[in-house]
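J.: Okay, structure incoming, though there's no sequence with it:
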């Protein structure tokens, strides 16, 4: 009979917390992407046009809008500038 490795159980809370943090981060990113897409519809701008305004490729914009990928604050600022909007970040 195989002996149970109890050390692996001690890692579970930390791993669960990491998964929770990743889930929260993805939820925030999904909210940001949703807001960007709403603004694109409101202004009747395509993703290709937004990419041109940002001086980037459509592929790079698609990566930015992928909720599973990390984006930088600089990228979000570039989107805001291209959409002629202000970027507000709040901690609540």
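T.: Yes, it's here. Note that the structure is a prediction, hence the values are computed from the model and not measured.
J.: which stretches of the protein aren't confidently modelled?
T.: Within the chain, the ranges that satisfy pLDDT under 70 run 1-16, 18-19.
J.: ok, longest helix in the protein?
T.: helix 12-43 (DSSP state H).
J.: residues touching residue 73, list them.
T.: residue 89 (CB atoms under 8 Å, 6 or more residues apart in numbering). (Glycine included, C-beta is placed from N, CA and C.)
J.: Checking residue 69 next. Helix, strand or coil?
T.: coil (DSSP: H, G, I helix; E, B strand; the rest coil).
J.: burial of it, as a residue count?
T.: 11 (other CB atoms under 10 Å).
J.: can you pull the contacts of the residue nearest the centre of the chain?
T.: Geometric centre of the chain, nearest residue: residue 29, 3.1 Å, by CA atoms, centre = their mean. Each residue near residue 29 by CB under 8 Å, 6+ apart is listed here: 67, 68, 69, 71.
J.: Buried ones among those?
T.: residue 71 (16 or more other CB atoms under 10 Å).
J.: on that earlier part again, for the residue nearest to the centre of the chain, give its distance to residue 51.
T.: For residue 29, the distance to residue 51 (CB to CB, to the nearest Å) stands at 18 Å.
J.: same deal with residue 32?
T.: Counting by CB to CB, the gap from residue 32 to residue 51 is 17 Å.
J.: Check residue 76 too.
T.: From residue 76 to residue 51 the distance is 15 Å (CB to CB).
J.: check contacts around residue 87.
T.: Here residue 87 is in contact with 76, 77, 79, 80 (criterion: CB under 8 Å, 6+ apart).
J.: The nearest residue to residue 37 once chain neighbours are set aside: how many residues sit nearby?
T.: Distances taken as CB to CB, 6 or more residues apart in numbering put residue 65 closest to residue 37, at 7.6 Å, once the chain neighbours are dropped. By other CB under 10 Å, 19 other residues sit near residue 65.
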